[in-house]
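Asker: sequence? don't have it. structure:
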């Protein structure tokens, strides 16, 4: 008989909309409780929207009372450190949203606390499990591209109307852990290091805020976090890289583009949907990718978009907890910490106008 693991989730926004149905889609998990951090919705509204009966306004009380096996932390990054330490002290395994913390000092403490508590700490770098990204990993690991020379990874979002007509809340505040570097760059950097099986050695970074304020219904929001970022540098394996993302744009053509250049070939991934490879003097060939998983009926468009990578991560998480089988691609606290080191270095480089060696 399958062991049922009790899950508590902190976060009544994305946590309620996406984390709850993903865990509930796996027969080995039961979401037994939700805790909110802000009071935007009443407990009754949250119960009606999620089907989760036990709704708390105090996340500590939820951990104290619910005998959880797993805590999923889906709050602002400012709160990740405290919530993680509290859960680990209570012997609860943690799935933490990215970025892992506010700085590498915090993430190092989270990593050490996990080791002391003999628990599992996982980062929600779920996009690793998209078929296209796994294919990139496979090709690079095979060595078919030869010695790696350069990786260029870029993304663009036409969100000008959204940013100039709506407030962003904590996401607009650097002091709360907001900004696209943490929200999106953490995923991009994790994929870069995972694909290349390497580490960042040097970088120069720059952060930009294209739309620094907005007034909505007479209330002015001043943005202190980044809406775009750029980083260039070298990896430990000798290759160079450039990572770039910009939001708040009016138009775009491709959301995402990855190019990997090696001595024997080149790989291109577009929009996480197609992967092409050219080897030697041959033309580019489009590779066949595994089919994405079919989401259960009734899921929203947002839930369907996350389903394939997220449910795969949930499956790997269950295997790790139920049978001590840790998939080598499961993103652990170690991976969150190494990404945090790079995020910190980009902030330092942008703030001080300097080149950083890690």
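Answerer: Arrived safely, thanks for sending. What you see is a predicted model, and the numbers here were worked out from it, not measured in a lab.

Asker: burial check on residue 338, number of neighbours?
Answerer: Using other Cβ atoms under 10 Å, residue 338 is surrounded by 18 other residues. (C-beta placed from N, C-alpha, C; glycine too.)

Asker: in a strand, residue 272, correct?
Answerer: No - secondary structure assignment places residue 272 outside any strand; it is coil (DSSP: H, G, I helix; E, B strand; the rest coil).

Asker: hang on, it packs against residue 130?
Answerer: Yes - A contact is recorded between residue 272 and residue 130 when judged using Cβ atoms under 8 Å, the distance being 5.2 Å.

Asker: can you pull out the strands in the stretch 201-350 of the chain?
Answerer: Ranges of strands within the stretch 201-350 of the chain are 213-216, 219-222, 228-235, 240-246, 256-262, 265-270, 274-279, 285-286, based on DSSP state E, counting those that start in this stretch.

Asker: give the buried residues for stretch 31-51.
Answerer: Judged by neighbour count using 16 or more other Cβ atoms under 10 Å, the buried positions of stretch 31-51 are 31, 32, 33, 34, 35, 36, 37, 41, 43, 46, 50.

Asker: should've said stretch 227-234
Answerer: The neighbour-count check on stretch 227-234 (16+ other Cβ under 10 Å) flags 227, 228, 229, 230, 231, 232, 233, 234 as buried.

Asker: what does it rub up against?
Answerer: Stretch 227-234 is contacted by residues 163, 179-181, 185, 200-211, 240-248, 342, 346, 349-350 when judged by Cβ atoms under 8 Å, 6 or more residues apart in numbering.

Asker: and those residues, which of them are buried?
Answerer: Burial of these was assessed by neighbour count (16+ other Cβ under 10 Å); the buried members are 163, 179-181, 185, 200, 202-205, 207, 209, 211, 241, 243-248, 342, 346, 349-350.

Asker: now, which of those residues lie within helices?
Answerer: In helices, defined here by DSSP state H, the members of these are 163, 180, 342, 346, 349, 350.

Asker: out of the residues you listed, the closest to residue 256 would be?
Answerer: residue 180 (13.7 Å; Cβ to Cβ).
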